[in-house]
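Engineer: from the sequence below, what's the structure:
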Amino acid sequence: MNHRFTIIALASSLALLAFVSAVAQTAGANIKLVDCFKDSENVKCQRPSSTSSIGEGVTFNQGGVGEAIAGGFIQGNRAILAAKLSTGGAIVAVNLETGDRELISGRMNINESRGKGLRYVGSPGGKEDTEAYKLDGISDVKPLPNGNYLAIVRRSVERMELIEVDAKTGDRKLYWASDLAADTHAGGLRDKEKMDITKRCPEKGPNNRNPNPTSYTVAVDAAGSAYLQINNNPMGIGYGYVRIKNGKCEDLSTYDFDLNDLEGSGFKTPREEVNHMVIDGNTLYSVSYFADTGHLLSVNLETGERKVISHKDSVASRSKGKGEIGVGTLGIALNAAGIWTIKEVGDDFKLIRIDPKNGERTRVPAQAGPLMKMRGALVQKVFALPGSDLLMISMDTVLTVFDPKTGNSNTLSI
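Structural biologist: Modelled structure (predicted):
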């Protein structure tokens, strides 16, 4: 018997198994859309109603006002989503093949919750009966390199929290906060956190810039650093982007009230609000909004250089890229076909594909299915499905799948 050949064959088999396992772990969902051109009466092709039910498990619609899928990302065959709820706030996983919904962390309502945070003394002389790092007010969630999730929560006007969530247990701990906790008594949250004030974003520039980022979205790079937008206070003048690295906030690409560069260089606008961000390698893409115009911007994560990729202006000479429709500012996604945004008009579905090379904007309309029939969604998001041309679109609490090549859409989960 040739033992050397057996060992080599065994090693080759193990390597093949490892490769197959890795592919299985990273493979996307096997989504098969109902053909709504031919089967328009199918439940997945109909306009969802308050009684519609596709998929099993917890529900994004708890019966309150302003409930929505606020952000998230795709991980294998699941969508990991931030659920903004009138009854709480949570991270929910949705199976992309079945539409089934699973609570990962947070509180859906008084009866459905998962995971725990830090316990602390809520008032001087009281008992340790208060829990920190709840997800009420969550507006986005992104993956961390260690397998956990990073949620962004606006706790108050002064305090934003980035919360690390254990993907297995749902337990929550502080990743970073923009300001110290308000209490000062022994055993209180500030005492428990022992957070150093130097970890906040730097206060500099005219009007002593408020070190409190204004983001409702967060981007995370491969090293686990988080990116946020920051504005001047109280004027609302855009200061650009900051990076949370090793638990400390630093300027990445910012400028002052008079549009002088502080860090980085390039595009500036007197007033701008960054709505959504996505990272591709060493570039951060974001859509920003002021009045009725939108910009698609890129930021070099090494140099901080800001560039306009696409913009439709009332003054033609200030526009970048061709297209009858402007940049959408309700969401952003990236795949091989280009950069995708959703227009901030709530009357119907307006998806825009942008060519990152020349900034050209093309509206890609729905031709069949629920996206043709849904109106007035205030919160809309777009997600790219890895390994597929399909996109996932959320309209308030309804999750759909869209084929931009055909215009066909299906309800995925509600």
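Engineer: for Gly266, which non-adjacent residue is closest in space?
Structural biologist: Arg306 (3.7 Å; CB to CB, 6 or more residues apart in numbering). Every residue, glycine included, has its C-beta placed from N, CA and C.
Engineer: quick one: low-confidence parts of the stretch 301-414 of the chain?
Structural biologist: Along the stretch 301-414 of the chain, the model assigns pLDDT under 70 to residues 344-347.
Engineer: go on, the stretch 1-150 of the chain?
Structural biologist: Looking at the stretch 1-150 of the chain by pLDDT under 70, you get 1-28.
Engineer: one more pass at 90, please.
Structural biologist: Scanning the stretch 1-150 of the chain for pLDDT under 90 picks out the ranges 1-30, 48-53, 61, 63-66, 123-129.
Engineer: can you pull out the helices in it?
Structural biologist: 3-26 (DSSP state H, counting those that start in this stretch).
Engineer: quick one, strands of it?
Structural biologist: Ranges of strands in the stretch 1-150 of the chain, per DSSP state E, counting those that start in this stretch, are 68-75, 78-85, 88-95, 101-107, 113-114, 119-120, 130-131, 138-143, 149-154.
Engineer: which residues touch the first one?
Structural biologist: Identification of contacts with strand 68-75 by CB atoms under 8 Å, 6 or more residues apart in numbering yields 28, 60, 79-84, 96, 138-143, 216-217, 276, 378-379, 381, 383-386, 392, 394, 396-397, 399.
Engineer: only whichever of the residues you listed are buried, select them in PyMOL.
Structural biologist: Buried subset of those, written as a PyMOL selection, criterion 16 or more other CB atoms under 10 Å:
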select buried, resi 28+60+79+80+81+82+83+84+96+138+139+140+141+142+143+216+217+276+379+381+383+384+385+392+394+396+397+399
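Engineer: show the contacting residues for the closest residue in space to Asn335 that isn't next to it in sequence.
Structural biologist: In space, and not counting its chain neighbours, Asn335 is closest to Ala384: 4.0 Å by CB to CB, 6+ apart. Ala384 makes contact with Ile74, Ala333, Leu334, Asn335, Trp340, Leu391, Met392, according to CB under 8 Å, 6+ apart.
Engineer: please name the nearest non-neighbouring residue to the last one.
Structural biologist: The spatial neighbour of Met392 that comes closest, neighbours along the chain excluded (CB to CB, 6+ apart), is Phe383 at 4.2 Å.
Engineer: out of the contacts of Ala384, which are buried?
Structural biologist: Looks like these have Ile74, Ala333, Leu334, Asn335, Trp340, Leu391, Met392 buried, using 16+ other CB under 10 Å.
Engineer: taking those residues one by one, which sit in helices?
Structural biologist: Mapping the buried ones among the contacts of Ala384 onto helices (DSSP state H) picks out no residues; all lie outside.
Engineer: which one of the contacts of Ala384 is nearest Ser53?
Structural biologist: Met392 (18.8 Å; CB to CB).
Engineer: could you check how far that closest one is from Asn95?
Structural biologist: 12 Å (CB to CB, to the nearest Å).
Engineer: swap in Asn246?
Structural biologist: Taking CB to CB, one finds Asn246 at 35 Å from Asn95.
Engineer: so the two - more neighbours on which side?
Structural biologist: Between Asn246 and Asn95, counting by other CB atoms under 10 Å, Asn95 is the more crowded of the two (18 against 10).
Engineer: residues in contact with the more buried one?
Structural biologist: Ala29, Gly55, Asn77, Arg78, Arg101, Glu102.
Engineer: doesn't Ile91 make contact with the last one?
Structural biologist: No - because the distance of 9.8 Å does not satisfy CB atoms under 8 Å, Glu102 is recorded as not touching Ile91.
Engineer: my read: the residue nearest to Gly266 touches Val274, true?
Structural biologist: No - judged on CB under 8 Å, Arg306 makes no contact with Val274 at a distance of 10.9 Å.
Engineer: need the overlap of contacts for the two.
Structural biologist: Residues within reach of Arg306 and of Val274 at once, by CB under 8 Å, 6+ apart, are Leu297.
Engineer: Thr198 falls within a strand, correct?
Structural biologist: No - Thr198 is assigned helix when assessed by DSSP: H, G, I helix; E, B strand; the rest coil, not a strand.
Engineer: before we move on, the earlier item: quick one: which of the contacts of Ala384 is nearest to Gly170?
Structural biologist: Nearest member of the contacts of Ala384 to Gly170, counting by CB to CB, is Ile74, at 19.6 Å.
Engineer: gap between that closest one and Ile414?
Structural biologist: Taking CB to CB, one finds Ile74 at 18 Å from Ile414.
Engineer: still on that earlier bit, so for Arg306 and Val274, which residue has more residues nearby?
Structural biologist: Between Arg306 and Val274, counting by other CB under 10 Å, Val274 is the more crowded of the two (28 against 24).
Engineer: and the more buried one, bridged to which residues?
Structural biologist: As for beta bridges, Val274 partners with Ser288 under DSSP bridges.
Engineer: now do the one 10 residues further on
Structural biologist: With beta bridges defined as DSSP bridges, Leu284 has these partners: Ile279, Val299.
Engineer: Glu131 versus Lys173, what's the distance?
Structural biologist: 12 Å.
Engineer: give me the common contacts of the two.
Structural biologist: With CB under 8 Å, 6+ apart, Lys173 and Glu131 have common neighbours Gly117, Leu118.
Engineer: for the closest residue to Tyr289 other than its chain neighbours, give me its contacts.
Structural biologist: Nearest in space to Tyr289, with sequence neighbours left out and distances taken as CB to CB, 6+ apart, is Thr329 at 4.1 Å. Applying CB under 8 Å, 6+ apart to Thr329 gives the contacts Asn275, His276, Val287, Ser288, Tyr289, Gly294, Thr341, Lys343, Glu344.
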